[in-house]
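[1] Could you work out the structure for the sequence below:
(chains A, B and C)
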Amino acid sequence: NIIRNHIPLKIYEVPTGTKVFDWEVPKEWNIRDAFIADESGNKIVDFKKNNLHVVGYSVPRDEWLPLSKLQEHLHSLPEQPDAIPYVNSYYQENWGFCIEHSKRARLKDGNYHIFIDSELKNGHLTYGEYIIPGQTNKEVFLSTYICHPSMVNDNLSGPAITTFLARWIVSKSRKYTYRIIFIPETIGSMIYLSKNLDIMRKNMLAGFNITCVGDDGPYSFLPTRNGNTLADKIALNVLKFKHPEFIKYSYLDRGSDERQYCSPGIDLPVVSVMRSKYAAYPEYHTSLDNLSIISPESLDGSYDVLKDCLELIENNYQYHAVYLGEPQLGKRGLYPHLSTSSSWVSVMDTLNFLAYADGVNDLADISNIINVPVWKLYPLAAKLQTAGLIR
Amino acid sequence: NIIRNHIPLKIYEVPTGTKVFDWEVPKEWNIRDAFIADESGNKIVDFKKNNLHVVGYSVPRDEWLPLSKLQEHLHSLPEQPDAIPYVNSYYQENWGFCIEHSKRARLKDGNYHIFIDSELKNGHLTYGEYIIPGQTNKEVFLSTYICHPSMVNDNLSGPAITTFLARWIVSKSRKYTYRIIFIPETIGSMIYLSKNLDIMRKNMLAGFNITCVGDDGPYSFLPTRNGNTLADKIALNVLKFKHPEFIKYSYLDRGSDERQYCSPGIDLPVVSVMRSKYAAYPEYHTSLDNLSIISPESLDGSYDVLKDCLELIENNYQYHAVYLGEPQLGKRGLYPHLSTSSSWVSVMDTLNFLAYADGVNDLADISNIINVPVWKLYPLAAKLQTAGLIR
Amino acid sequence: NIIRNHIPLKIYEVPTGTKVFDWEVPKEWNIRDAFIADESGNKIVDFKKNNLHVVGYSVPRDEWLPLSKLQEHLHSLPEQPDAIPYVNSYYQENWGFCIEHSKRARLKDGNYHIFIDSELKNGHLTYGEYIIPGQTNKEVFLSTYICHPSMVNDNLSGPAITTFLARWIVSKSRKYTYRIIFIPETIGSMIYLSKNLDIMRKNMLAGFNITCVGDDGPYSFLPTRNGNTLADKIALNVLKFKHPEFIKYSYLDRGSDERQYCSPGIDLPVVSVMRSKYAAYPEYHTSLDNLSIISPESLDGSYDVLKDCLELIENNYQYHAVYLGEPQLGKRGLYPHLSTSSSWVSVMDTLNFLAYADGVNDLADISNIINVPVWKLYPLAAKLQTAGLIR
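    Numbering: from 1, shown residues only, chains lettered A, B, ... in the order given. This next block holds a predicted model:
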């Protein structure tokens, strides 16, 4: 609903029990309160202070347990003693508390009051969709997830960037249709696929899973399953020129919704362009993945890279040189008049562009071959088109 | 006949003079005795002590020669003074003796009695064949040679391992038919090809030339001519995981029956998996290639690698994931119930297998892509098949 | 006309104004005299001493100018103070003088007499063509340019070598037709293409742009646009074995007539084999590119490499082994009779040749695969053909 303040999201509800591929939509879990209190009534952990303290999907509980029994239901991280881990138990009924390891180590023998005021009942899975029509029904796809409570780099950054990308897309004239979704990870992408697979397979040119785009780690790329789609080519081209130090992961390192989008028989061209990849930074899936590890500058950098990818898709024409042989740049003001060896170098980008504008290479190919970033080629292509030298 | 004590070899005889491709079966050579004796009657070299002392295919001889004339018919190795070289003269009538260089250096002037009681006559070339039928007529091929007298790594080890592989194959249920041959090198493989080429070309999936499998040198691989057959893929996969330090030779380094099996117009998928390759260890083709350079452990290691290759061929299915998207491992007991970052890693092999089970990749491909040895994938595939997740 | 003393060049004249692709033939420029004189009448620069002193295509001029105004029309090289740069202004009417920077620095204030006795008028562009017919109409193409006044490595060396290559071609029996042209660079190659493109596209097997073949720099190779033609394969094979230290440039480094021959829609298989590439040596396009930087030995080396390329094209057969399996070299005198490990190596080239003579690989492929230079394979192929072992 917050996102709806920014873009006209269409919200869908899918009932508990709905079958999807090998899965079904689980019960809806809601929680009002939870704590562990000692014999004096002091709350040791308190859901109201941090919602990570309760294992996701914990069943209701109200009982006294000795410390030894309680320990079986505690989760903590010895190597990050001040972090609360983020733990779920989606598909098996269970309960537990997540606690700083330093605090856990100080727990004294005795009895503890366990209280979980939660509810597991038939309900709905909720997701949002925003389709921005273009001049053709060929589609670009953006997917982001909305299911990790309190997580910032590995969650909140994704919907935030995606929302503002959507606003930018709407503001521009565009050739392609944009399909943008906000879903719970895994089960959400499967539900969406099960309802839209035919049209997505038919129309999708390239897609991006948007996650982990807020911290200041190095840019990271996660390819499609076979690494050979337009989405791979576009993202690699943009990253190579804009952030050449980026980390290129393997599909074996995956862990988000590309697991569904690229699976056998689905095979959609969806890649991820990230900052620090999920599971590759110490704060991942703990209370330390909070607002302190992201910054406006880092978010802005990710936003720019993704915008550049979309811009390249929109402009990725297969140019074709109009003239046989090199055209006469001079009479069009595109060439210095005195042929000295130094002036020759300054027009090589133009001549190289024309040399590879063979109607087969697209703009990303040409950029890769002649080693010039696409943002220098856009104005060049426009100038050459105006001059009647390419079509 | 010794091999026949272990497996029911069918023995074929091919008469002298039989034409085969560009060759013909030579005369049969038999030898009873041979020596060089000095003027006092001391036998300097004696065939009865080591059958390498006579050049293979030497014609009969009984005469006295001065040392200077005898020298023209002596073969020795200055750099290995205690080794008797192994020398043949198959296709030109000739005679000679092979002698330790240290002994040769001590020969005194004078006359020597040369005696060779041999016989070159029309006879037969002999080879053995053992065909073990499977559920289909698609074939796996094993070829080993039986023609180097007294040589151990570069000969005896091959038929020994092949015999025991045959016994293991028979003991197992199998999908494919196994064609196993024991032949003289070169002329033997050509004869066999000339009689069986059509069926081999039609049915052979992969073949192995089995030689030099007894010493404790590094594992060695010799590819097919273009290096791109199923046999190459299978052997490279097994060696990569089992003995990653193995030496990968080029087809230019060949020297055994792959020279025939992989020649233009024949082009069968036959590779060699060896320990120290022929011509690549100092004892090669000398009296030093004897039982002292092999060991039960080394033989066993080679046997295991070849068995692993055959097992992979039998199990090299193109698996196909049944479900679109990732299946729900949890409800089948294939997934830990709490999603923490450490537990996630432990199921990645399973998920990676499923991600590449697209009906195109075979098991060896999947193993190479996800970097997991096939012997870990067999039980995984069985488990996933039982669970109804792949077919 | 000097070249005509050596080969029967057919000379073509193309009138000013003739349209060709995006260009048209410019006016003809002739010059009789030019100088800059000081107030005392001393000639500071004199066209009659060095024709580089006048910017090519300078319009007529006879006037007095103060030094400050004259400076706007002077060209010099601060980093090469004793060199006169070579400068042109083909497609815009202009005038100027080229001068040693050391001399320019010494010019005193005052007035200077500027005199250029030149003429720009309708005339002709001139080029020469020599077609040497072969047994088939399939063609090999040689192109060299004749337009840089006084330049030696980057000009004179090209027509010189090409002339003598033509004489050598005529002297030999040949399978292919040779199309050899002497043209002004850029506009000349475009004119030639515009008149002959259909036949060139239909018949050309491989072509060479011959330039910069006189100095003693390292051999240099400039590929076709996509680097995958027969011309690329031939030149790379010859250079790899003959001058393994050669520099392999990218098509992005181009700067001669391959700019036309390899452009989109023309796509002829034309490469350049050079010594120091244009723009890659300090004397390039200055008065220092004179006879002192070339030598008979360097010219001879380039001549040999190009001759080797032509010879390989003529002999680049797809050989096919006649026999299945290895043929019996021994009975043909092609194999040593005693099989020792040392003699085995000496016939490996023969056996490797036969192993890859599969009717698909051509001679250059075989040379690359078995790592033997083609000049060792010619006599081997002849011997094997005589012996009936290959066709």
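
[2] Below-threshold pLDDT in chain A: ranges please.
    Low-confidence segments of chain A, defined by pLDDT under 70: A:336-346.

[3] ranges for the helices of it?
    Listed in chain order, the helices of chain A (DSSP state H) span residues A:67-71, A:101-105, A:157-170, A:187-203, A:230-242, A:258-261, A:296-314, A:341-346, A:348-356, A:363-370, A:374-386.

[4] Around chain B, which positions in chain A sit nearby?
    A:21-23, A:55, A:75, A:85, A:87-92, A:94, A:96, A:186, A:189-190, A:193-194, A:197, A:225, A:251-252, A:254-255, A:259-260, A:262-266, A:279, A:284-285 (C-beta under 8 Å from any C-beta of the partner chain). Using the backbone N, CA and C atoms, a C-beta is placed for each residue, glycine as well.

[5] so A:Tyr261 makes contact with A:Asn209?
    Yes: using C-beta atoms under 8 Å, A:Tyr261 is in contact with A:Asn209, at 7.0 Å.

[6] what do these two both touch?
    Residues within reach of A:Tyr261 and of A:Asn209 at once, by C-beta atoms under 8 Å, 6 or more residues apart in numbering or on different chains, are A:Ser143, A:Val270.

[7] got the contact list for the closest residue to A:Leu389 other than its chain neighbours?
    Residue nearest to A:Leu389 in three dimensions, not counting chain neighbours: A:Pro327, with 5.0 Å by C-beta to C-beta, 6 or more residues apart in numbering or on different chains. Shown in contact with A:Pro327 (C-beta under 8 Å, 6+ apart): A:Ala321, A:Leu354, A:Leu389, C:Phe21, C:Asp22.

[8] one more time with 7 Å
    Neighbour list for A:Pro327: A:Leu354, A:Leu389, C:Asp22 [criterion: C-beta atoms under 7 Å, 6 or more residues apart in numbering or on different chains].

[9] I'd say the first one and A:Ala321 touch.
    This points to A:Leu354. Yes: using C-beta atoms under 7 Å, A:Leu354 is in contact with A:Ala321, at 5.1 Å.

[10] Mean neighbour count, the helices of chain A: which tops it?
    helix A:258-261 (a mean of 25; mean count of other C-beta atoms under 10 Å in any protein chain shown).

[11] For chain C, what's the nearest residue on the stretch 1-150 of chain A?
    With C-beta to the nearest C-beta, the shortest gap between the stretch 1-150 of chain A and chain C falls at A:Lys138, namely 26.0 Å.

[12] Could you report the distance from the residue most central in space within chain A to A:Ser272?
    Centroid-nearest residue in chain A: A:Ile210, 1.3 Å away (criterion: C-alpha atoms, centre = their mean). Distance of A:Ile210 to A:Ser272, computed by C-beta to C-beta, to the nearest Å: 8 Å.

[13] Likewise for A:Val59?
    Distance from A:Val59 to A:Ser272, by C-beta to C-beta: 34 Å.

[14] Compare these two (neighbour count), which wins?
    A:Ser272 (29 against 14; other C-beta atoms under 10 Å in any protein chain shown).

[15] Next up, the contacts around the spatially closest residue to the more buried one that is not a sequence neighbour.
    Leaving aside its sequence neighbours, A:Ser272 sits nearest to A:Leu222 (C-beta to C-beta, 6+ apart; 4.1 Å). Residues counted as contacts of A:Leu222 (C-beta under 7 Å, 6+ apart) are A:Tyr249, A:Asp253, A:Arg254, A:Glu258, A:Val271, A:Ser272, A:Lys277.

[16] again, only using 6 Å
    A:Tyr249, A:Arg254, A:Ser272 (C-beta atoms under 6 Å, 6 or more residues apart in numbering or on different chains).

[17] end-to-end on stretch A:316-330?
    In stretch A:316-330, first residue to last residue: 27 Å (C-alpha to C-alpha, to the nearest Å).

[18] what comes up buried for it?
    Buried residues in stretch A:316-330, counted by 16 or more other C-beta atoms under 10 Å in any protein chain shown: A:Asn316, A:Tyr319, A:Ala321, A:Val322, A:Tyr323, A:Leu324, A:Gly325, A:Glu326, A:Pro327, A:Gln328, A:Leu329, A:Gly330.
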